[in-house]
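Engineer: whatever this is, show me its structure:
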Amino acid sequence: MGGLSGSRTYQLAIAGALGAIVGLYLTVELVKVQGLWARDALAGMFLGGMIGFFLNAAEPWRDGAWLKLAREGTAGTLAGAIGGAIGLLIGEFVLGGFQGGLMGRSVSWAILGLGIGVSQGLAHRSWQRLRLGLIGGGLGGLGGGFLFELIRESLGPERYSISQGLGIVILGAGLGLSLALVEQALRRAWLVVLNGRQEGRIFLLGRSVSRIGLDERAEIGLFGDPGVSRRHGELRAQGDSFQFVPLDPAKPTAINGQPLDGPRLLRDGDRLELGRTLLVFRLRN
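Structural biologist: This is a model prediction of the structure:
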């Protein structure tokens, strides 16, 4: 069924770790308030916002889609900041209820991860990505909190800042890793680019209508191919499958080598040829 995308998994893990590092830096440099709840809210806002930005900006950056990067990065930052602030506040309350410890830290950071994971669904305006983001964020936070507490206990209180920094980086990387793995394990339908500038790229079909073309607002942006138009076609959910609808007669599309002259219901393994770009449609039954 297409296997796991190692490059995407690695990409999101690195993006999450970088977001965590930037968020931690901003927290240390800018959060000077004395109140515990205000400090936690601001820390969660910076951590969640930066992790949300990096996770959502990673693929547009790779594609060179700067308008898409600005749009999805902004949405990811805002959603991640709100989710991170609320998640950290609730998580710290839960941590107090557990009176610390491995279980308390793991559960509290899982709640933080849930808050940040929401940014994936909101940035892409997709219920499927929201669900996957919640699962991946919760698992990533759970693992990050567990490892943080182990590191903190092994290094001792005198090295709390070191264990905190390592734990935050593990949290960010774990969020990215979990999001990628959960998406790949639970996704229902997707496209894989087999050749061209974006070879190896995977597009999750998480909306009822997914636009395909050169337009940076398209859910499936195929950039760098002159044979693809701005609004080349659409993939529309039809029950348990998807239908490809061509939109530009001047830029032909072929499926399995046969020219397409109208809408076509896709089957698992169908190959779509748009310009010089070849994609394969995958559907998990």
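
Engineer: now do the host helix or strand of residue 169: distance to the chain's middle.
Structural biologist: In this structure, residue 169 sits in helix 160-186 according to DSSP states H and E. Relative to its parent chain, helix 160-186 has a centroid offset of 12 Å by CA atoms, centre = their mean, to the nearest Å.

Engineer: quick check: mean pLDDT of that helix?
Structural biologist: Throughout helix 160-186, pLDDT has a mean value of 82.

Engineer: buried set for that helix?
Structural biologist: 163-184 (16 or more other CB atoms under 10 Å). C-beta coordinates here come from the backbone N, C-alpha and C atoms, glycine included.

Engineer: what packs against that helix?
Structural biologist: helix 6-30, helix 36-63, helix 101-124, helix 127-155 (3 or more CB pairs under 8 Å, 6 or more residues apart in numbering; DSSP states H and E).

Engineer: residue 219 is nearest to which of the ones you listed?
Structural biologist: Among these, helix 101-124 comes nearest to residue 219, with 7.9 Å by CB to CB.

Engineer: angle of that closest one against helix 160-186?
Structural biologist: Helix 101-124 and helix 160-186 are oriented at 50 degrees to each other (axes from the mean of the first three to the mean of the last three CA atoms, to 10 degrees).

Engineer: quick check, residue 210 in a strand?
Structural biologist: Yes. Assigned with DSSP: H, G, I helix; E, B strand; the rest coil, residue 210 falls within a strand.

Engineer: what about it, neighbour count?
Structural biologist: When neighbours are counted by other CB atoms under 10 Å, residue 210 registers 21.

Engineer: that one and residue 233, how far apart?
Structural biologist: 10 Å (CB to CB, to the nearest Å).

Engineer: residue 223 too?
Structural biologist: For residue 223 relative to residue 233 (CB to CB), the value is 15 Å.

Engineer: which one's more surrounded, the two?
Structural biologist: Neighbour count, other CB under 10 Å: between residue 223 and residue 233, residue 233 has more, with 24 against 18.

Engineer: check contacts around the more buried one.
Structural biologist: 211, 212, 213, 244, 245, 246, 247, 248, 253, 274 (CB atoms under 8 Å, 6 or more residues apart in numbering).

Engineer: any idea what it is bridged to?
Structural biologist: Bridge pairing for residue 233 (DSSP bridges) gives the partners residue 212, residue 246.

Engineer: buried ones in the longest helix seen in the chain?
Structural biologist: Of all the segments assigned as helix in the chain under DSSP state H, the longest by residue count is helix 66-98. Neighbour-count burial for helix 66-98 flags 68-69, 71-73, 75-92, 94-95 (criterion: 16+ other CB under 10 Å).

Engineer: next structured bit after the helix holding residue 169?
Structural biologist: Past helix 160-186, the next helix or strand by DSSP H and E is strand 189-193.

Engineer: export that next one as PDB, just CAs?
Structural biologist: Provided in PDB are the C-alpha atoms of strand 189-193 (Å, rounded to 0.1, in the frame of the first residue of the first chain):
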ATOM      1  CA  ALA A 189      -6.500   7.600   0.400                       C
ATOM      2  CA  TRP A 190      -3.400   9.400  -0.900                       C
ATOM      3  CA  LEU A 191      -1.400  10.200  -4.000                       C
ATOM      4  CA  VAL A 192       2.300   9.400  -4.500                       C
ATOM      5  CA  VAL A 193       4.500  11.400  -7.000                       C
END
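
Engineer: what lies in contact with it?
Structural biologist: 2, 199-205, 220, 222, 235, 241-242, 272, 277-284.

Engineer: ChimeraX command for the buried members of those residues?
Structural biologist: Provided next is the ChimeraX selection string for whichever of the contacts of strand 189-193 are buried by 16+ other CB under 10 Å:
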select :201,202,203,204,205,220,222,235,241,242,272,277,278,279,281,282,283
